[in-house]
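*Asks:* dropping a prediction and its sequence here:
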2 protein chains.
Amino acid sequence: MPDGAARQVKRKDKYRRRQTEVFDAAAAVFARKGYHGASTGDIAAELGIAQSSLYYYFKSKDEALEKVCLQGIKGYVERLQAIVTGDVPADVKIREAIHNHIEPVNFIPDYFRTFVGELRYLPSNRRQKLNNMIAEYNALFEQILIDGIAEKTFTATLDCHASMLMLIAQCNTVPFWFGQFEHYSSTQLATVLADNFLLGALPRRNE
Amino acid sequence: MPDGAARQVKRKDKYRRRQTEVFDAAAAVFARKGYHGASTGDIAAELGIAQSSLYYYFKSKDEALEKVCLQGIKGYVERLQAIVTGDVPADVKIREAIHNHIEPVNFIPDYFRTFVGELRYLPSNRRQKLNNMIAEYNALFEQILIDGIAEKTFTATLDCHASMLMLIAQCNTVPFWFGQFEHYSSTQLATVLADNFLLGALPRRNE
DNA sequence: TTATTTTTCGATAGACCTATTGAAAAAAAG
DNA sequence: CTTTTTTTCAATAGGTCTATCGAAAAATAA
């Protein structure tokens, strides 16, 4: 028989598991109907419980969106940080970065979509932290391109800032059409995207 | 003094001009707050009139969104059609197509943003026509790439369908950050995007 | 000016939505 | 089985939103 402290932990764990189910449902509904188009009643219906029961797990719809967005970006910056500091050429880093960005579509697609599409509806006080993470992420991404020019991996004419925005824009649209093209895996898709960016559509002679 | 028929035309014209102002306001509010986040009261406030006055110009909020979206895509297909059938190499066509897609950010940015971001919230009966136009547009865009491979302008390894989606995805994000980077004109931006797609980031030897 | 048409408005019905509250049901502990 | 704690619920206050309606105001015509 567990002692008092262990019992507390177990109870908290059970609560957190249920809470995760609630946020999963919220993410699914936000992704499908948009934040403002989704009601707490919709989320409850997704779970088969009463609308008021949700408030045992979050304090407001705003907070639910914040948690979903935080979950959606979780780990992104850390993984990109590791890629940037890696000891490989910039073109390999770009391939890794693109893969890193797209891959979560496989296991948290609703969080991914909600983060990309609904973050702007977070009240500005809650949005601050997430905006900072995005700025940091973008800077890391751009750094790969800047370093790539310095090490002569990329052409000097590359517009690093615009290219960074465009690469991320491409990755961010993937969760919105991933279900419709099952013949691509996320890995294949990342490869297509990276090949396009690195090689270009015009043929190359010496390769 | 105009006769009866001419008077009717003049009145209709005046009505249409005012209606355009109403849709302009709707597009602005939809773009800023999202369709579900925007109320008809917000649109009225933008115009400085009563909320109920709007219903003299449209029958429902849905209809307003439909009209804004239709205005947002107006001319796109026709212009791309002309580009596709033009007598120039595929790389030039791609440059033209990208320019054609991005340029409206200069004169109808709110319609552009609303079309890209809010179309999905149109009830499916109203959305049908617009979806068909998008399908047609995408097919035309992809045709440029397919033709480009056939005429040896592009590498045979190019994934035309994925590339089409990615190019359009890039163009579609432009209206969401255009205001923040004033040192790019839409033309310069189109050039960066096309250069990236055609040439790639890796240096080329013989050019 | 007076009469007619166009445009705007105030008031509101009817619906929906968020968040709260106290109580009931379910689960866990004793 | 009884008590305690956790989880869910029904009911609802208080707010917002869309769309309608008849009347008022403004513009135009006679």
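*Replies:* Received, thanks.

*Asks:* is the top helix by length along chain A positioned near DNA strand D?
*Replies:* Determined from DSSP state H, the single longest helix within chain A is helix A:4-33. Yes - using Cβ under 7 Å from any atom of the strand, helix A:4-33 reaches DNA strand D at A:Arg11, A:Lys14, A:Tyr15, A:Arg18. C-beta: built from backbone N, CA, C; applies to glycine.

*Asks:* after the helix or strand where A:Ala97 lies, which helix or strand is next? Please name it.
*Replies:* Following DSSP states H and E, one finds A:Ala97 within helix A:90-102. Sequence-wise, the next helix or strand downstream of helix A:90-102 (DSSP H and E) is helix A:109-118.

*Asks:* and DNA strand C, which of the residues of helix A:4-33 next to DNA strand D reach it?
*Replies:* A:Arg11, A:Lys14.

*Asks:* and the residues of helix A:4-33 next to DNA strand D, which is the shakiest by pLDDT?
*Replies:* Minimum pLDDT across the residues of helix A:4-33 next to DNA strand D is recorded for A:Arg11, with 79.

*Asks:* tally of neighbours for A:Ala44?
*Replies:* If you count neighbours by other Cβ atoms under 10 Å in any protein chain shown, A:Ala44 ends up with 19.

*Asks:* quick one: contacts for the residue in chain A positioned nearest to chain B?
*Replies:* Using Cβ to the nearest Cβ, the closest approach of chain A to chain B is made by A:Gly200 at 2.7 Å. Shown in contact with A:Gly200 (Cβ atoms under 8 Å, 6 or more residues apart in numbering or on different chains): B:Asn196, B:Phe197, B:Leu198, B:Leu199, B:Gly200, B:Ala201, B:Leu202.

*Asks:* give me the distance between it and B:Ala194.
*Replies:* 10 Å (Cβ to Cβ, to the nearest Å).

*Asks:* same check, this time on A:Ala190
*Replies:* 22 Å.

*Asks:* would you map out the domains in chain A?
*Replies:* Per automatic domain parsing, the domain ranges recorded for chain A read A:4-69, A:71-199.

*Asks:* and DNA strand C, is the longest one touching that?
*Replies:* No - applying Cβ under 7 Å from any atom of the strand, one finds domain A:71-199 separated from DNA strand C by no less than 10.1 Å.

*Asks:* and that domain, is it in reach of DNA strand D?
*Replies:* No - judged by Cβ under 7 Å from any atom of the strand, domain A:71-199 stays clear of DNA strand D, getting no closer than 13.4 Å.

*Asks:* can you give me the end-to-end span of that domain?
*Replies:* Across its full length, domain A:71-199 reaches 34 Å between end residues, using Cα to Cα, to the nearest Å.

*Asks:* quick one: mean pLDDT for it?
*Replies:* Averaging pLDDT along domain A:71-199 gives 96.

*Asks:* swap in stretch A:36-46?
*Replies:* Throughout stretch A:36-46, pLDDT has a mean value of 98.

*Asks:* when you scan that stretch, is anything in it near DNA strand C?
*Replies:* Yes - judged by Cβ under 7 Å from any atom of the strand, stretch A:36-46 and DNA strand C are in contact via A:Ala38, A:Ser39, A:Thr40, A:Gly41, A:Asp42.

*Asks:* got the contact list for that stretch?
*Replies:* Stretch A:36-46 is contacted from outside by A:22, A:25-26, A:28-30, A:32-33, A:50-51, A:53-54, A:61, A:64, A:121, B:34-37, B:121, using Cβ under 8 Å, 6+ apart.

*Asks:* I only care about those that end up buried; give me the PyMOL line for that.
*Replies:* Buried residues among the contacts of stretch A:36-46 (16 or more other Cβ atoms under 10 Å in any protein chain shown), as a PyMOL selection:
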select buried, (chain A and resi 22+25+26+28+29+30+54+61+64+121) or (chain B and resi 34+35+36+37+121)
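
*Asks:* check which helices and strands the one helix or strand A:Gln188 maps to is in contact with.
*Replies:* A:Gln188 is part of helix A:186-199, with elements assigned from DSSP H and E. Helix A:186-199 sits against helix A:90-102, helix A:160-177, helix B:160-177, with contacts defined as 3 or more Cβ pairs under 8 Å, 6 or more residues apart in numbering or on different chains; DSSP states H and E.

*Asks:* would you list those in a markdown table and tack on mean neighbour count?
*Replies:* Below are those laid out as a markdown table (neighbours: other Cβ atoms under 10 Å in any protein chain shown):
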| stretch | mean neighbour count |
| --- | --- |
| helix A:90-102 | 21 |
| helix A:160-177 | 21 |
| helix B:160-177 | 21 |
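
*Asks:* out of those, which is closest to B:Val92?
*Replies:* Closest of these to B:Val92 is helix B:160-177, at 14.9 Å (criterion: Cβ to Cβ).

*Asks:* so how far is A:Gly86 from A:Phe107?
*Replies:* 23 Å.
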